[in-house]
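Colleague: would you be able to build a 3D model of this:
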Amino acid sequence: MISLNINGKLVKVEAEADTPLLWVLRDELGLAGTKYGCGAALCGACTIHVDGQPTRACVMPVSAAVGRKIATIEAIGATPVGQRVQSAWAEIDVPQCGYCQSGQIMAAVALLRAIPKPSDKDIDQAMSGNLCRCGTYPRIRAAIHKAAGQS
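Modeller: Numbers count the residues shown, from 1 in each chain. Predicted coordinates:
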């Protein structure tokens, strides 16, 4: 049995130590907002926060999450920055297909926590590992600026 702190709650899961955290979140805990995209930490669809840092859940073994604070898209709206980002995403109408958006939002929240008033360069750098097949990058950038109070 493995104990984890997920979205502020302690949970116990039955999983092999090397099971990717993504599958524990989705299959064991029913937190399906974190998406599987590539399985190689290249696309960002599975981005979560581990101790406040954006992390790819598809390559993180569940054993590495023990004793750490994990936040997923399901809980990010409970934070002030998360609320602002989600509100800006809706106002700007960022998603097209929406598949990558939970990872995009998680990366944007981490960026705004680190740099409350980011430049375009800051945004491009922080978001560069999150791919959007629909090409909504201009709307993502505009929503981050809006959430930062810059638009």
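
Colleague: could you check how far the residue nearest the centre of the chain is from residue 14?
Modeller: By Cα atoms, centre = their mean, the chain has its centre lying nearest to residue 106, at 2.8 Å. From residue 106 across to residue 14, the span is 26 Å (Cβ to Cβ, to the nearest Å). The C-beta positions use only the backbone N, C-alpha and C, and glycine is treated the same way.

Colleague: check residue 47 too.
Modeller: 25 Å.

Colleague: which of the two has more residues huddled nearby?
Modeller: residue 47 (29 against 9; other Cβ atoms under 10 Å).

Colleague: beta-bridge partners for the more buried one, please?
Modeller: Beta-bridge partners for residue 47, by DSSP bridges, are residue 56.

Colleague: separation between it and residue 12?
Modeller: For residue 47, the distance to residue 12 - Cβ to Cβ - is 24 Å.

Colleague: likewise for residue 63?
Modeller: Taking Cβ to Cβ, one finds residue 63 at 14 Å from residue 12.

Colleague: tell me, what's touching these two both at once?
Modeller: Between them, residue 63 and residue 12 share these contacting residues under Cβ atoms under 8 Å, 6 or more residues apart in numbering: residue 2.

Colleague: out of the two, which sits in the more crowded spot?
Modeller: Neighbours per residue, other Cβ under 10 Å: of residue 63 and residue 12, the larger number sits with residue 63, 13 against 9.
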